[in-house]
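Asker: 3D model of this:
(one chain, ligands or ions: 1)
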Amino acid sequence: MTNEHRVAMGATAELDHCPLMPTYAAPSVMFVAGDGSWLTDRDGTRYLDLLNGLAVTSLGHAHPVVAAAIAAQATKLLHVSNLYGNEHHGQLATTLDGLIGGGGQLFFTNSGAEANECALKLARKFGGRGRHVVISAWGSFHGRTLATLHATGQPTKHEAFQPLPEGFRHVVWNDIDSLRTALDPSVAAVLLEPVQGEGGVNPADIEYLRAVRDLCTERGVLLMMDEIQTGLGRTGEWFGFQHAGIQPDVVTVAKALGNGMPIGGCWAKREIAACFEPGDHGTTYGGQPLAAAAARAVLDVMMSEDVPRRARHAGKRFTDGLSALPAVLSVRGLGMLLAAELDVDALGRDSRAVAAELMARGVIVNAVTPTALRVAPSLLISDDEIDHGLSILTEVLA
Ligand code: PLP
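Answerer: You can find the predicted model right below:
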């Protein structure tokens, strides 16, 4: 690791070792400020951010309404235990419940993986002894805790951490027969993303989601949708499952909910949430005043800006622009969560090399597979910013 890398990780150049665990490759840039769709590094160079912390800052960086809510709450009351109420989490839960479809209750967390952990525990409590298996899809991503890692359908990520918690099974993505075969009496729930984000931006077929809903209802199994990357407008609906016109039993959210403040949530229909009793689950920080105040402001802005409509508009502009590039074989995804499949043979380099070139030209995307670039910008991105991004992409992919 070079001294430059050490500094980019926040260490002083004099240190002979990096103070952070080597769970991420050494970063090449350190960002110190952000505004809207733009980030600034410590040398003052500006970058168009088309990734937004991996679909987190859906309202862009330093949104003034969210910043004001955080500042006001920070000077008023930073934290109280969940043993007590706070003035934000009830209202936040009511608003989220309405967006998800109504008739449910929420448990707030600090992250996506924790929201899924809550869903997994709820599934076990719902199923009872002997009926605890959760089925998810190959290629899925549900988190990095031991249980959510096993739910994640990517065996290479499992290998080093065996034995993983028991009770997980994987089926072929978008294949209803594979699910039907796997659904035996030991199964409590099915956990799916409406678009597999980390797995390569692979949308579920509408017919598949409808068939999964019917099958789960028929077998008395919970349908749990992981909307951590797709939720809150990104796909062009408030939630990805809404494209299929279905209602899940459990929905998990995180990422965009805090626009950068760490907060997630697990929603469940009231009769399912009723499986939990006081003491079954808990968290020190989940839904605490600062995070909940930020999330309330986020939802207020999202509703007044109609972010699903913005995502549909921006997604179409990006899809049209990317599809016109000769080096782009196809564009997939929904709304403003897209992947451009590159003609890497013709380009003579893979998507990581292309992403690095774009970064050097001041545009941030990521290589979601060795052949595809992911684009997940702020939902408030302007047409001019999209066109600027597309013009740099055009030059780099020429
Ligand atoms: N589920 C999905 C679909 C995700 O995309 C992610 C993160 O990328 C997670 C779960 C895990 O969320 P977190 O990193 O906040 O634990």
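Asker: isn't V190 right up against R213?
Answerer: No: if you go by Cβ atoms under 8 Å, V190 and R213 don't touch, sitting 9.5 Å apart. For every residue, glycine as well, the C-beta is placed using N, CA and C.
Asker: Between the two, which contacts overlap?
Answerer: Counting by Cβ atoms under 8 Å, 6 or more residues apart in numbering, the residues touching both V190 and R213 are L223.
Asker: Can you pick out the residue with more neighbours from these two?
Answerer: Between V190 and R213, counted using other Cβ atoms under 10 Å, V190 has the larger neighbour count: 28 against 20.
Asker: you'd agree that one is in a helix?
Answerer: No: V190: not assigned to a helix; according to DSSP: H, G, I helix; E, B strand; the rest coil it is strand.
Asker: How confident is the prediction for it, by pLDDT?
Answerer: Predicted confidence (pLDDT) for V190: 98.
Asker: what does the one 5 residues further on give?
Answerer: At V195, the model reports a pLDDT of 98.
Asker: next one: the one 3 residues further on
Answerer: Confidence per residue is given as pLDDT, and for E198 that number is 96.
Asker: and it, how many residues sit next to it?
Answerer: Counted with other Cβ under 10 Å, E198 comes out at 18.
Asker: so what's it up against?
Answerer: So, once contact is read as Cβ under 8 Å, 6+ apart, E198 ends up touching 141, 229, 368.
Asker: at 10 Å instead, please
Answerer: 54, 139-142, 152, 154, 157, 229, 368-369, 374 (Cβ atoms under 10 Å, 6 or more residues apart in numbering).
Asker: State the phi and psi torsions of it.
Answerer: phi -60, psi -30 (degrees, to the nearest 10).
Asker: what about it, distance to L337?
Answerer: 11 Å (Cβ to Cβ, to the nearest Å).
Asker: Now do the shared contacts for these two.
Answerer: Shared contacts of E198 and L337, counting by Cβ under 10 Å, 6+ apart, come down to 229, 374.
Asker: Tell me the confidence at the closest residue in space to D249 that isn't next to it in sequence?
Answerer: Distance criterion Cβ to Cβ, 6 or more residues apart in numbering; nearest residue to D249, sequence neighbours excluded, is L222 at 4.4 Å. In this model, L222 is scored at 98, pLDDT.
Asker: Would you mind measuring from L222 to the ligand?
Answerer: 17 Å (Cβ to the nearest ligand atom, to the nearest Å).
Asker: what number of residues lie near that residue?
Answerer: Using other Cβ under 10 Å: L222 sits among 22 other residues.
Asker: Please apply the same query to L325.
Answerer: Neighbour number of L325 under other Cβ under 10 Å is 18.
Asker: still on that earlier bit, ok, the contacts of E198 vs the ligand, which is closest?
Answerer: Q229 (3.6 Å; Cβ to the nearest ligand atom).
Asker: what sits against F161?
Answerer: 144, 146, 149-150.
Asker: Separate out the buried members of those.
Answerer: In these, burial by neighbour count holds for 149-150, counting by 16 or more other Cβ atoms under 10 Å.
Asker: So which of the contacts of F161 belong to helices?
Answerer: Members of the contacts of F161 lying in helices (criterion: DSSP state H): 146, 149-150.
Asker: closest to the ligand among those residues?
Answerer: Using Cβ to the nearest ligand atom, the ones in helices among the contacts of F161 come closest to the ligand at L149, 10.2 Å.
Asker: re the thing from before, near the ligand too, which of the contacts of E198?
Answerer: Among those, the residues that sit close to the ligand (Cβ under 6 Å from any ligand atom) are 54, 141-142, 229.
Asker: Sort out which of those are buried, if you could.
Answerer: For the ones next to the ligand among the contacts of E198, buried by 16+ other Cβ under 10 Å: 141-142, 229.
Asker: E271: which of these is nearest?
Answerer: Nearest to E271 among those: H142, at 24.0 Å, using Cβ to Cβ.
Asker: what residues are up against the closest one?
Answerer: 112-113, 115-117, 119-120, 134, 136, 148-154, 168, 191-193, 198, 224, 226, 228, 252.
Asker: at 6 Å instead, please
Answerer: Going by Cβ atoms under 6 Å, 6 or more residues apart in numbering, H142 touches 116, 148, 151-152, 226.
Asker: will you turn those residues into JSON lines that also has pLDDT and neighbour count?
Answerer: Formatted as JSON lines, the contacts of H142 follow (pLDDT from 0 to 100; neighbours: other Cβ atoms under 10 Å):
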{"residue": "N116", "pLDDT": "98", "neighbour count": "29"}
{"residue": "T148", "pLDDT": "98", "neighbour count": "26"}
{"residue": "A151", "pLDDT": "98", "neighbour count": "29"}
{"residue": "T152", "pLDDT": "98", "neighbour count": "26"}
{"residue": "D226", "pLDDT": "98", "neighbour count": "31"}
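Asker: Contacts made by the strand or helix carrying D214 with the rest, please.
Answerer: Assigned by DSSP states H and E, D214 falls within helix 206-219. Residues from elsewhere that reach helix 206-219 (Cβ under 6 Å, 6+ apart): 174, 176, 183, 190, 223, 244, 246.
Asker: No further questions, thank you.
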